[in-house]
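K.L.:
here's a sequence, model it:
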Amino acid sequence: MVATTTTGMFLVCFDALCPCFGSKRNDGSEDPVLSKDGNSLSSSQMRSISDRIPGSPLRVPGSPFRVPPSPSRFSLSSQPSRNDPLNLSLEQVIKLTRNFSPALMIGESYFGKAYRVELQDGHVVAIKRARKEHFASLHAEFKNEIALLKKIEHRNLVQLLGYIDKGNERIVITEFVSNGTLRDHLDGQHELILGFSQRLEIAIDVAHGLTYLHLYAEKPIIHRDVKSSNILLTEGFRAKVGDFGFARTGTAEQSEIQTDVKGTAGYVDPEYLRTNYLTVKSDVYSYGILLLEILSGRRPIEVKRGAREKITVRWAFEKYNRGDVQDILDPMLTESVNEDILTKIFDVMFQCVAPTRADRPHMKEVVEKLWKIRRDYAKTQNRAEATV
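P.N.:
Down below sits the predicted model:
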């Protein structure tokens, strides 16, 4: 359910490192980009983060993935899989998890540890238990996540099934998403490498989920922690956005929310970091960083690389500005991708990470642009197959 995290993270500001980070196509970025898929941090912690990230393991190429046709309209939640609510007692949860056995643990986050549990009827769920050491500080996050998850239902959002708030235990029960996190797959931990078509589909799925949160939920919801370790994949490689502990709700009239900065270093909107004002465009920035991560396979900060390659978005922008878009792609991808398709998708990515919010698109616009890119990509693939 949640990727294992570590505490080593750091924050770097582009305006200090790359003052020339302007846009050739009016879509550049000069903002703080991060380290690893680590713990979520407060604004005070973000200003004192250590420079530490492990390297990525080797990856094994996988098979291509068929690109489904684009929907004819903006269909957001076509037939999400609804699971029945669960009313488990604390005693039942303890028994099902074998007293929270490490053998059943599937991940760990700032909130706590997650476990894979099989119910008596054979249905598998994920159980997330709050950390005791953060019990008091996590109370607001727990209440927030429950309140939000109870109100949303979308095939690209992890579904709440139940929760427990009793004594010194706070537990969230959600659907189990069986294929691990996106970051796990980008790291090659599942013994295959995601193909370009799969990556494009995952990017569209995440954009669908965020569009629903921003526009179609009962109230606008800002996720505030969009990152690859919070994106879960099904066996069919459909993506679901999870971990709503830091999410905030707004109103149609309230375009900005003043709040302490929370999120994961490197994915955080620099305007939010600077002003403490949060908007849906803050999620758009994080999504842009995620989109680059999906395409390149790199974390936002690669500390083991040289100075010119350490900050992934700056490195990618330099390649993009020189027209070397092929060089941005994950080198483990064995398939050939049309350069025009790559330029279009990187155009979208750099629009999302524009330094000022006014220059960023809304998530619905992002989805529509990615739909068109997917359609164009399918045409190039069909032409390539016809010439073989």
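
K.L.:
for the rest of this, base every contact and every neighbour count on C-alpha atoms.
P.N.:
Noted.

K.L.:
ramachandran coordinates for residue 124?
P.N.:
Per-residue torsions, residue 124: phi -100, psi 130 (degrees, to the nearest 10).

K.L.:
hey, what's it bridged with?
P.N.:
residue 118 (DSSP bridges).

K.L.:
isn't it right up against residue 115?
P.N.:
No - under the criterion of CA atoms under 8 Å, residue 124 makes no contact with residue 115, lying 10.3 Å away.

K.L.:
does anything pack onto the lengthiest helix in the chain? Which helices or strands?
P.N.:
In the chain, with assignment by DSSP state H, the single longest helix is helix 363-387. Contacts defined by 3 or more CA pairs under 8 Å, 6 or more residues apart in numbering; DSSP states H and E place helix 363-387 against helix 196-211, helix 339-352.

K.L.:
are we agreed that residue 165 is in a helix?
P.N.:
No - secondary structure of residue 165 (DSSP: H, G, I helix; E, B strand; the rest coil): strand, not part of a helix.

K.L.:
ok, it - how many residues close by?
P.N.:
Other residues near residue 165 come to 13 when the count uses other CA atoms under 10 Å.

K.L.:
now residue 274
P.N.:
Residue 274: 10 surrounding residues under other CA under 10 Å.

K.L.:
and it, what pLDDT?
P.N.:
With respect to pLDDT, residue 274 scores 93.

K.L.:
next, the contact list for residue 370, please.
P.N.:
Residues in contact with residue 370 (CA atoms under 8 Å, 6 or more residues apart in numbering) are 200, 204, 345.

K.L.:
against residue 321, how distant is it?
P.N.:
Remark: distance between residue 370 and residue 321 (CA to CA, to the nearest Å) = 21 Å.

K.L.:
could you chop this protein up by domain?
P.N.:
Structurally, the chain divides into domains by automatic domain parsing as follows: 14-75+179-381, 90-175.

K.L.:
helix, strand or coil for residue 142?
P.N.:
Going by three-state DSSP: residue 142 is helix.

K.L.:
and stretch 113-122, C-alpha only, in PDB?
P.N.:
Extracted in PDB, the C-alpha atoms of stretch 113-122 (Å, rounded to 0.1, in the frame of the first residue of the first chain):
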ATOM      1  CA  LYS A 113       2.900   0.900   9.000                       C
ATOM      2  CA  ALA A 114       0.700  -0.800   6.500                       C
ATOM      3  CA  TYR A 115      -0.300  -4.500   6.400                       C
ATOM      4  CA  ARG A 116      -1.700  -6.900   3.900                       C
ATOM      5  CA  VAL A 117      -4.600  -8.800   5.400                       C
ATOM      6  CA  GLU A 118      -6.800 -11.600   4.100                       C
ATOM      7  CA  LEU A 119     -10.300 -11.700   5.500                       C
ATOM      8  CA  GLN A 120     -12.200 -14.900   6.300                       C
ATOM      9  CA  ASP A 121     -14.100 -14.600   3.000                       C
ATOM     10  CA  GLY A 122     -10.800 -14.400   1.100                       C
END
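
K.L.:
picking that back up, compare residue 124 and residue 115 (neighbour count), which wins?
P.N.:
When residue 124 and residue 115 are compared for neighbours, residue 115 comes out ahead with 25 against 16, by other CA under 10 Å.

K.L.:
buried stuff in the helix or strand hosting the more buried one?
P.N.:
Using DSSP states H and E, residue 115 falls within strand 112-118. Under the neighbour-count criterion of 16 or more other CA atoms under 10 Å, strand 112-118 has 112, 113, 114, 115, 116, 117 buried.

K.L.:
got it, and stretch 301-320?
P.N.:
For stretch 301-320, the neighbour count (16+ other CA under 10 Å) marks 301-303, 309-314, 316-318, 320 as buried.

K.L.:
next, format these as CSV and append distance to residue 92, pLDDT and secondary structure.
P.N.:
Listed next are the buried residues of stretch 301-320 as CSV, based on distance: CA to CA, whole Å; pLDDT from 0 to 100; DSSP: H, G, I helix; E, B strand; the rest coil:
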residue, distance to residue 92, pLDDT, secondary structure
301, 42, 84, strand
302, 43, 86, coil
303, 44, 83, coil
309, 50, 89, helix
310, 48, 86, helix
311, 47, 84, strand
312, 46, 89, helix
313, 47, 92, helix
314, 50, 91, helix
316, 50, 96, helix
317, 52, 95, helix
318, 55, 95, helix
320, 54, 95, helix
